[in-house]
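Enquirer: Okay, structure incoming, though there's no sequence with it:
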């Protein structure tokens with residue numbers, strides 16, 4: 001999706017200069033409860049988690065999200081529901097709390113913080129991008145609205161690691177608890193094949 005919405009990639013050197021690397025998330029204050037996508041353990045998508053090249057630039061998938069954090073400008077990508085497929089093979093739905101990232105595992109979860117107003121939500125990463133324009137993540141319209149972001153908003157990305165038993169850890173859990181959903185969610189698609197019927 002992001003390929004049709006964003007400009008061609010910038011070089012590795014340019015991206016490195018425009019992306020700040022914040023200090024690891026450490027809890028030095030009270031714990032806050034955040035909402036958003038409901039983190040669940042999911043089998044990695046083999047197809048979407050291969051290192052790849054795009055427009056002459058190499059992208060290496062993050063192998064240890066527990067030691068990854070990133071800050072930079074966010075893009076917003078939008079489309080009509082059920083009109084495009086994500087890198088995970090799911091139908092892109094701008095009303096879902098999802099995001100695209102060039103190298104974080106698919107599917108995975110992350111806490112996104114709007115550095116301008118402090119708002120935080122959990123998003124599910126199920127697509128690749130953004131490419132170009134010095135952006136570090138593309139947020140669905142729903143995610144951007146919840147964070148009150150624009151295309152000139154700087155955000156912080158802190159991955160949330162979901163263990164097979166459902167326990168949560170990683171940078172995105174520093175000073176954070178995730179609110180549990182109290183209502184039924186649409187069934188997730190079978191990523192090994194079949195129709196995409198919905199996602200969190």
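Expert: Structure's in. What do you need? Please read these numbers as outputs of a predicted model, since none were measured by experiment. Numbering: from 1, shown residues only.
Enquirer: Would you map the strands across this structure?
Expert: 32-34, 52-54, 57-59, 70-77, 98-100, 108-114, 120-127, 135-140, 154-162, 168-169, 176-178 (DSSP state E).
Enquirer: what's the distance between residue 62 and residue 104?
Expert: For residue 62, the distance to residue 104 equals 5 Å [CB to CB, to the nearest Å]. Every residue, glycine included, has its C-beta placed from N, CA and C.
Enquirer: re earlier: indicate which one of the strands of the chain is closest to residue 146.
Expert: Residue 146 lies closest to strand 120-127 among those, at 5.0 Å (CB to CB).
Enquirer: What is the closest one packed up against?
Expert: Under the contact criterion of 3 or more CB pairs under 8 Å, 6 or more residues apart in numbering; DSSP states H and E, strand 120-127 touches strand 32-34, strand 98-100, strand 108-114, strand 135-140, helix 141-147.
Enquirer: List the strands paired with the second one, with their directions.
Expert: Right, the one you point to is strand 98-100. Strand 98-100 has these partner strands in its sheet, going by DSSP bridges: strand 120-127 (parallel), strand 135-140 (antiparallel).
Enquirer: Mind putting these into a markdown table with mean pLDDT and mean neighbour count?
Expert: Output for the strands paired with strand 98-100, formatted as a markdown table (pLDDT from 0 to 100; neighbours: other CB atoms under 10 Å):
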| stretch | mean pLDDT | mean neighbour count |
| --- | --- | --- |
| strand 120-127 | 98 | 26 |
| strand 135-140 | 96 | 26 |
